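A predicted structure for the sequence below; I have some questions about it.
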Amino acid sequence: MFTLRQKLMVGFGGLLVLLLVGGALSLYLLTRYSGTIERIFRENYDSVRYGQNMKESVEQMDEIARSALWEEEGAVREPMPLVVARFEENLRKERGNITLPGERELAEDIARLWQQYKNEHEHLLSARDAETERRAVYRTTLLPHARQIQAKAQRIIDINLQNMVSVDGQVRQSAVRAKRAMYALLAAGVALAIAFVGLISRSILRPLRTLTRSAREIEQGNLDLVVSVSSRDEVGQLAEAFNAMAARLREFRRSDRARLVRTQRTTQLALDSLPDAVAIVSPDGTVELSNETARKLFGLRPEVDVRTVQVEGLPDLYRRASQEGRPLQSRGYESVIPVFDGQERFFLPQAVPILDEDRQLVGVTLVLADVTHLRRLDEMKSSLLSVVSHELKTPLTSIRMAAHLLLEERVGPLNAKQLELLVAAREDSDRLHQIIENLLDMGRIESGKALMDLRPIPPEQLVARAVEGVAPSFRDKGVELVHEVPSDAPQVLADPARIGHVFSNLLTNALRYTPGGGRVRVSSQTEAGEVRFTVEDTGIGIPPEHLPRVFERFYRVRDQSGEGGAGLGLAIAKEIVEAHGGSMDVKSQVGAGSQFSFTLSRADRDSQEVKQL
């Protein structure tokens, strides 16, 4: 029995032989007739060109004669010697390119007539006879000779053109014979191809169609079919491999189905055990898996479109995570979602995209973390700090007053050692008093009891007041302080006193951590609906591991030079900015300085939003 390879070689081998024979015959005929055609066409074309050039030269000679007899201006294009030379050159070439019967006699007649015409032409131009006689000679002698020469030249052109047509006819007959041979080869090739198709349709195509139908059945999930094997060639081996593959797929389906069920149930149990609300969403926004908390409190049930869930901020968080392809988490407690479930609970949402190996989105995990206990602890911490601060403020005031009275020596003179100790006590008590005031101020801001005196104010005025207050300290340390605020910047809504405290804190920190010879720059930039203020220095910078915590209370960056502090300045500044409805950010690089920025709402924000709408 033939193998598939042998069948293909037999079928395509005949076609290959036929193509080679036909190609060789075509090349032979084309080479043979193309050389003949090219030679004959070239010789005839040259004779036609020589005859045409002689006719044009005689025509120009005639124009020269007419212009001399009738004084026609502008008719003569070339001098007569050039015209004569060109005619004789073409006549010489024609006499050397004689290829047809009668062509030589015509060339000799042209040479004889040309000699007569040239002599008569020269005589006519040099004669001193009357104009009437010369014109009569032109009409009776010169002009007829010119017409005869042109007629002879035209005859040479005609016989060469006729020969070209005749050659074309011969070539056409040869081409017809070649076409017949090609048609015969083509008919044989078609017959052989039909026989080959009939052969392979039974031995190759039919089994392949059966395999194709079986593959489509497997695509639809039917793994129980078996392909019959009717031959031992490559197609038969393919059918056996196909049956083996289907058997392995059936085995894999059984094991994978059991594994999938175990995985789904384990995942569901794990999710249900979490106190947080967790939901896994497909790329089209459909909830595929969720735990009890997500279903009960937020309506995130399977088959529900997350974009239709009535939870503030959750559809937008899913959309952003899907588009940006990175984890997103809400900022701070201002983004928590309150839920009443017998008691008030707070959840902080975050979205984590699920990406495949090609970084393509295959789903999004929504996690609503239960931060109720953390929020209560934070509130308790704030309350405790406020209570402690209030309780410490009264005795601390008495201590400060006593220290001041002793330093004024109202109760008796002091020696040097006593004076030194009292000065240190006073400075520490003043520092402790400032910390308590900061804590109380922060508590008032968080609770909303600190009323903000918001009013429109130019950014240039805010920056100028802040810079003016710290300029002497910068000059004393040798640090350059510049401010670049456009005079036409839109006004902002701000409490000047509290925003002044923000600028004072940022500028004081910049001065503290910028060595002499450095530079601090204060600038503003108008953005959509707000104005961003930036304080940028060339100081020692902040290590990247500390950047996420610089705005935390009582947090201080270690191993930095400068005066010590309680770590409350930036926390209070951030609280003040957020109380204004803005935000504060920081960028820093060790050895290259830091950049603190915050935003304030524009006073014309409402009108700007109306224009955008």
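Right, received. Where do you want to start? As the structure is a computational prediction, the values presented were derived from the model and not from experiment.

Please make it C-alpha for all contacts and neighbour counts, starting now.
Will do.

Any buried residues in stretch 275-294, and which?
276-283, 285-294 (16 or more other Cα atoms under 10 Å).

While we're on residue 296, how confident is the model there?
Listed pLDDT for residue 296 reads 80.

next one: residue 561
48.

any low-confidence regions in the stretch 51-200 of the chain?
71-77, 166-178, 181-182, 185, 189, 193, 196-200 (pLDDT under 70).

can you map out the helices along the stretch 301-450 of the chain?
Along the stretch 301-450 of the chain, counting by DSSP state H, counting those that start in this stretch, helices occupy 314-324, 372-407, 416-447.

can you pull the pLDDT of residue 552?
For residue 552, pLDDT reads 75.

List the buried residues for stretch 242-252?
Quick answer for stretch 242-252 (16+ other Cα under 10 Å): 242, 243, 246, 247, 249, 250.

which one of those sits closest to residue 405?
Comparing the buried residues of stretch 242-252 against residue 405 with Cα to Cα places residue 249 closest, at 94.1 Å.

helix, strand or coil for that closest one?
At residue 249, secondary structure determined by DSSP: H, G, I helix; E, B strand; the rest coil is helix.

what's the spacing between it and residue 255?
10 Å (Cα to Cα, to the nearest Å).

The protein: strands as residue ranges?
277-281, 287-290, 328-329, 337-340, 344-355, 361-370, 455-457, 480-484, 492-494, 519-527, 530-537, 584-589, 593-601 (DSSP state E).

Of all those, which one is nearest residue 132?
Nearest of the strands of the chain to residue 132, taken as Cα to Cα: strand 519-527 at 101.6 Å.

for that closest one, the distance to its chain's centre please.
32 Å (Cα atoms, centre = their mean, to the nearest Å).

Please spell out which residues along it are buried.
519, 520, 521, 522, 523, 524, 525.

Leaving out sequence neighbours, find the closest residue to the second one.
Looking back up the chat, that one is residue 520. Among residues not flanking residue 520 along the chain, residue 537 sits closest, at 4.3 Å (Cα to Cα, 6 or more residues apart in numbering).

One more: the last one?
Here the nearest residue to residue 525 in space, its sequence neighbours aside, is residue 532; by Cα to Cα, 6+ apart that works out to 5.2 Å.

Would you confirm that the one you found contacts residue 598?
Yes: at 5.6 Å, residue 532 counts as touching residue 598 under the criterion of Cα atoms under 8 Å.

can you count the residues close to residue 314?
Residues lying near residue 314 (other Cα atoms under 10 Å) number 21.

who's in contact with it?
306, 349 (Cα atoms under 8 Å, 6 or more residues apart in numbering).

Please report how far it lies from residue 355.
Distance, residue 314 to residue 355, using Cα to Cα: 20 Å.

got a list of what residue 404 touches?
Contacts of residue 404 (Cα under 8 Å, 6+ apart): residue 426.

same thing with the one 10 residues further on?
When contacts are counted by Cα under 8 Å, 6+ apart, residue 414 touches residue 407.

what's it sitting at in phi/psi?
phi -120, psi 140 (degrees, to the nearest 10).

gap between it and residue 423?
For residue 414, the distance to residue 423 equals 12 Å [Cα to Cα].

Need the overlap of contacts for these two.
When Cα under 8 Å, 6+ apart defines a contact, the residues bordering residue 414 and residue 423 alike are residue 407.

State the number of residues packed around residue 310.
Residue 310 has 12 neighbours, counted by other Cα under 10 Å.

And the pLDDT at it?
79.

who touches residue 370 in this structure?
275, 276, 277, 345, 346, 347, 348.

Name whatever forms a beta bridge with it.
Legend: beta-bridge partners of residue 370 under DSSP bridges are residue 347.

now swap in residue 365 and tell me
Beta-bridge pairing for residue 365 (DSSP bridges): residue 280, residue 352.

picking up where we left off before, which among the contacts of residue 370 gets closest to residue 84?
Within the contacts of residue 370, the smallest distance to residue 84 is 107.6 Å, found for residue 348 (Cα to Cα).

Please tell me how far the closest one sits from residue 54.
From residue 348 to residue 54 the distance is 104 Å (Cα to Cα).

Those two: which is more packed in?
residue 54 (26 against 22).

The more buried one touches residue 85, doesn't it?
No: Residue 54 is beyond contact range of residue 85, at 10.6 Å (criterion: Cα under 8 Å).

burial measure for residue 136, as a count.
By other Cα under 10 Å, 11 other residues sit near residue 136.

my bad, should have said residue 355
Counted with other Cα under 10 Å, residue 355 comes out at 15.

So it is in contact with residue 327, correct?
No: with contact defined as Cα under 8 Å, residue 355 does not reach residue 327; the gap is 11.0 Å.

ok so, going back, ok, the buried residues of strand 519-527 vs residue 365, which is closest?
residue 525 (37.0 Å).

what residues are up against the closest one?
Neighbouring residues of residue 525 by Cα under 8 Å, 6+ apart: 485, 531, 532, 533.

Could you do residue 372 as well?
345, 346, 347.

And residue 478, by the same measure?
Residue 478 is in contact with 516, 517, 518, counting by Cα under 8 Å, 6+ apart.

residues contacting the first one?
So the one you mean is residue 516. So residue 516 contacts 477, 478, 479 (Cα under 8 Å, 6+ apart).

for the second one, same thing?
Counting by Cα under 8 Å, 6+ apart, residue 517 touches 478, 479, 480.

Can I get the residues you listed in a markdown table including distance to residue 308 and pLDDT?
Output for these, formatted as a markdown table (distance: Cα to Cα, whole Å; pLDDT from 0 to 100):
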| residue | distance to residue 308 | pLDDT |
| --- | --- | --- |
| 478 | 60 | 90 |
| 479 | 56 | 90 |
| 480 | 56 | 90 |
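
Quick one: these as CSV, columns for distance to residue 550 too.
Formatted as CSV, the contacts of residue 517 follow (distance: Cα to Cα, whole Å):
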residue, distance to residue 550
478, 26
479, 23
480, 25
